Structure formats: C-alpha cells, structure tokens
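1. Quick one, structure for this:
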Amino acid sequence: MVLRPLDDPTNKMVRAAAHLIRSRSARERAQQTVLEGPHLVGEALSADVRVRSVLYSNRLMRRPEGEALLERVPGGQVRTVYV
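-> Next up, the predicted model:
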C-alpha cells in the first residue's frame, strides 16, 4: 500500500471528491459516487466494486478496524491518500 500525504487541502483530488459529495449532477456526469465511512468502503471492497481512490484521515488509522480496512485495499489498483 502506498501512502501519499497531502500537504495542501486545496489538492485537486480532495476538491474533486468534495464536489462529488455536494453535487448529484456531478456524480451522474462522472458516473461515480463517494462512499463515506469504513463500513461502506469495506462493503464495496467485499462486493468487488471498482474503487478508484480511498481518502482517509488519522482518525481512521487510530482504529484497529481502520488499519485492517486499508490493508484490504488492493495495492497498485486503488490510490490511497492520507488527508
């Protein structure tokens, strides 16, 4: 798993995710959605849903289940980003 820390909250990936969260029409145009929370992300991984990126915070890493979830993310196929 490759961790890519973000030094700038105006990073393009963070802005794009925030835009998808706020705008239904943006999600429809991009044919994407945003899953929030370890439970939904874990369910998506279990169901073999195509996950493009996982953005996570220090709060997730402080929980044992959060660390276990990140270990399930397929390396090389899914971008993991610490925000």
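2. got the buried residues for the longest helix along the chain?
-> The single longest helix within the chain, with elements called by DSSP state H, is helix 12-22. For helix 12-22, the neighbour count (16 or more other Cβ atoms under 10 Å) marks 17, 20 as buried. Heads up, the C-betas are built off the backbone N, CA and C, glycines and all.
3. Helices of this structure, residue ranges please.
-> 12-22, 24-30, 38-46, 58-61, 64-72.
4. Send me the longest helix of the chain as PDB with only the CA atoms.
-> Listed in PDB are the C-alpha atoms of helix 12-22, where the atom choice follows Å, rounded to 0.1, in the frame of the first residue of the first chain:
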ATOM      1  CA  LYS A  12      -7.300  18.500  -6.900                       C
ATOM      2  CA  MET A  13      -8.300  15.100  -5.600                       C
ATOM      3  CA  VAL A  14      -9.800  16.500  -2.400                       C
ATOM      4  CA  ARG A  15     -11.600  19.200  -4.300                       C
ATOM      5  CA  ALA A  16     -13.000  16.700  -6.800                       C
ATOM      6  CA  ALA A  17     -14.200  14.400  -4.000                       C
ATOM      7  CA  ALA A  18     -15.900  17.300  -2.200                       C
ATOM      8  CA  HIS A  19     -17.600  18.400  -5.400                       C
ATOM      9  CA  LEU A  20     -18.900  14.800  -6.000                       C
ATOM     10  CA  ILE A  21     -20.200  14.800  -2.400                       C
ATOM     11  CA  ARG A  22     -22.100  18.100  -2.900                       C
END
